[in-house]
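> sequence plus the predicted model coming up.
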Amino acid sequence: MYEGGIRVPASVRWPDGLGREGRVVDGFVHFTDWLPTLAGLCGAKLPDDTRLDGENALAALRGEGDGRRAACWQWNRYAPVALCNAAARDGDWKLLRPIITAAMWLEEEDLRMDRDLKYHPERFTDIRREPMPVPALPESPPQPLLFNLANDPGEQNDLAREQPERVARLQTMLEAWFESVERDRARAEV
């Protein structure tokens with residue numbers, strides 16, 4: 001969840017389409033923003049009953065803003081764990097929940113499947129196993145870290161102790177996002 005793992009450059013080429021040739025946008029666009037952005041560019045109307053995680057980033061691509069303000073991420077193996085390998089970003093501020101080893105453990109079968117997925121994806125139509133294992137977690141998860149990405153893009157200086165209110169606000173944002181995603185996932189499994 002550090003910037004080196006989730007932040008990647010993007011390049012858009014559309015001669016005369018956006019009206020801002022050669023523009024560099026430093027604001028961030030989340031990968032979930034591409035569907036609503038492309039739909040907006042094409043004039044496509046998305047279904048009213050479809051809730052998307054992404055936002056239309058066309059204004060940022062046109063140079064009329066800096067893009068998205070807030071986003072959340074989380075990833076671990078098996079049953080999702082909100083406090084493991086998660087991040088919440090709002091503007092220049094980023095809360096990072098470090099990895100909990102127990103939620104990331106790998107069985108030999110999983111390592112084999114990861115290798116096969118990487119080198120032979122055509123062999124798989126489904127990789128889910130039922131029931132989804134729930135990892136045993138420590139009583140005290142690692143403390144969250146807080147970074148100001150404008151001043152510290154390499155995420156070297158943890159400011160969590162100096163900014164407890166900001167940590168609490170970003171943690172609340174991350175928890176609300178996680179609960180929303182889990183509700184959607186539970187509905188999809190029915």
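Yep, that arrived.
> please compute how far the lengthiest helix in the chain lies from its chain's middle.
If you go by DSSP state H, the chain has its longest helix at helix 164-189. Mean-position distance between helix 164-189 and its chain equals 12 Å (C-alpha atoms, centre = their mean, to the nearest Å).
> any idea how this structure splits into domains?
Structural domains annotated on the chain: 1-68, 70-190, as defined by automatic domain parsing.
> beta partners of the most centrally placed residue in the chain?
Centroid-nearest residue in the chain: residue 73, 2.9 Å away (criterion: C-alpha atoms, centre = their mean). With DSSP bridges as the criterion, residue 73 is bridged to residue 87.
> what sits against it?
1, 6, 86-87 (C-beta atoms under 8 Å, 6 or more residues apart in numbering). Using the backbone N, CA and C atoms, a C-beta is placed for each residue, glycine as well.
> where in this structure is the helix or strand with the lowest mean pLDDT?
One helix or strand of the chain scores below all others by mean pLDDT, DSSP states H and E: helix 101-104, with a mean of 77.
> burial measure for residue 139, as a count.
4 (other C-beta atoms under 10 Å).
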